[in-house]
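[1] fold the following and give me the result.
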Amino acid sequence: MSLRFSVLASGSTGNAFYIESGDERILVDAGLSGKRIEGLLEQVDVDPYSLSRILVTHEHSDHIKGLGIMARRYNLPIYANEKTWNAMENQLGKLSIDQKFHFSVEETKTFGGVDVESFAVSHDAADPMFYTFHQDGKKVALVTDLGYVSERIKKTVEDADAYIFESNHDVSMLRMGRYPWNVKRRILGDSGHVSNEDCALALTDILTDKTQRIYLAHLSLDNNMKDLAHMSVKNVLEERGFEIGTRIELHDTDPQEATPIFEV
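    Below you'll find the predicted structure:
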């Protein structure tokens, strides 16, 4: 048994993450139209009818846009914490009672042999949380949509085989960009998003010899570029002695194209 995953889409226009082990096939967030999510699953040869369940991180539209559609179309159970359910339920359309499940913050649930651990993050949503996935000593950590990476989060996600980690913006691009100041202040604040530099600095504290891959996620279309994020994170990690491109691979994610399935 192993963990296999794809970042189906990542960015402010929509987010979805897929992870599987054996017959257990989990979709995390559904922040695009149902049709787009089906197309992204097709890119990685996953039949949406084979999905087991959907986990939700928080209620922002770029994470739940297609949630109700996908749940109804494929009769999937949805898991979210109580405050997130209260914030998003009216946006999802009609769901049957047997599709609604609670997954509390700082809880671990086991689905088909995959242990899924939730952890709280600082973001401007009702009760945002993200997940680590464990299977036979393997670990994948999904860490985006947070204003800063606390020591508690670092402890939770450290020593993973693979990270999907937020690298949202370049601070200089954001400060000089077209966004109004109140939006810039939100993004830069403790309940906003992690910059390229802060992503790299956090990673230096949590990477181990076990780590194989890092995927830079939730890049801003206006305040970042793939090459800039890649270079910024790579430079900091290499300065701290991490061998990027040899021992650890650094990968991009995209709002329109799924990453190839990777197995840890």
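[2] for residue 229, grab the count of nearby residues.
    25 (other CB atoms under 10 Å). Placement of C-beta: from N, CA and C, glycine included.
[3] correction: the previous question concerned residue 28.
    For residue 28, the tally of surrounding residues (other CB under 10 Å) stands at 25.
[4] got it, and residue 181?
    Going by other CB under 10 Å, the residues that sit close to residue 181 add up to 8.
[5] so which residue is smack in the middle of the protein?
    residue 142 (4.5 Å; CA atoms, centre = their mean).
[6] got a list of contacts for the stretch of helix or strand that one belongs to?
    Assigned by DSSP states H and E, residue 142 falls within strand 138-143. For strand 138-143, contacts defined as CB atoms under 8 Å, 6 or more residues apart in numbering pick out 2-3, 5, 17, 19, 28, 57, 121, 130-133, 149, 153, 156-157, 159-166, 210, 264.
[7] for residue 264, which non-adjacent residue is closest in space?
    Once flanking residues are discounted, residue 264 sits nearest to residue 161: 4.0 Å by CB to CB, 6 or more residues apart in numbering.
[8] surely that neighbour meets residue 208?
    No: the criterion here is CB atoms under 8 Å, and residue 161 misses it with residue 208 at 9.6 Å.
[9] compare the two and say which is more crowded by neighbours.
    residue 161 (21 against 9).
[10] per-residue pLDDT, the more buried one?
    At residue 161, the model reports a pLDDT of 98.
[11] can you pull the contacts of it?
    Contacts of residue 161 by CB under 8 Å, 6+ apart are 3, 138-140, 210-213, 264.
[12] can you tell me how far the residue lying farthest from the centre of the chain sits from residue 4?
    Farthest-out residue of the chain from its mean C-alpha position, per CA atoms, centre = their mean: residue 176, at 27.1 Å. According to CB to CB, to the nearest Å, residue 176 stands 40 Å off from residue 4.
[13] what of residue 77?
    21 Å.
[14] now do residue 108
    20 Å.
[15] and those two? Which one has more around it.
    residue 4 (18 against 13).
[16] gap between the more buried one and residue 130?
    19 Å.
[17] now swap in residue 120 and tell me
    For residue 120, the distance to residue 130 - CB to CB - is 9 Å.
[18] between those two, which one's more packed in?
    residue 130 (27 against 17).
[19] in a helix, the more buried one, correct?
    No: the assignment for residue 130 (DSSP: H, G, I helix; E, B strand; the rest coil) gives strand, which keeps it out of a helix.
[20] surely it meets residue 57?
    Yes: under the criterion of CB under 8 Å, residue 130 makes contact with residue 57 at 5.5 Å.
[21] can you tell me which helix in this structure is longest?
    helix 226-239 (DSSP state H).
[22] got the CA positions of that helix in CSV?
    In CSV, the C-alpha atoms belonging to helix 226-239 read as follows (Å, rounded to 0.1, in the frame of the first residue of the first chain):
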residue,chain,number,x,y,z
LYS,A,226,6.1,30.3,-11.1
ASP,A,227,9.7,31.0,-12.0
LEU,A,228,10.0,33.6,-9.2
ALA,A,229,8.4,31.4,-6.6
HIS,A,230,10.6,28.5,-7.6
MET,A,231,13.8,30.5,-7.6
SER,A,232,13.0,32.3,-4.3
VAL,A,233,12.3,29.0,-2.4
LYS,A,234,15.1,27.1,-4.1
ASN,A,235,17.7,29.8,-3.2
VAL,A,236,16.7,29.9,0.5
LEU,A,237,16.7,26.1,0.8
GLU,A,238,20.0,25.7,-0.9
GLU,A,239,21.5,28.4,1.3
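[23] what about the residue lying closest to residue 217 once chain neighbours are set aside, how many residues nearby?
    In space, residue 217 comes closest to residue 10 once its chain neighbours are excluded; the distance is 4.4 Å by CB to CB, 6+ apart. Neighbours of residue 10 under the rule other CB under 10 Å: 29.
[24] for residue 63, same thing?
    Neighbours of residue 63 (other CB under 10 Å): 26.
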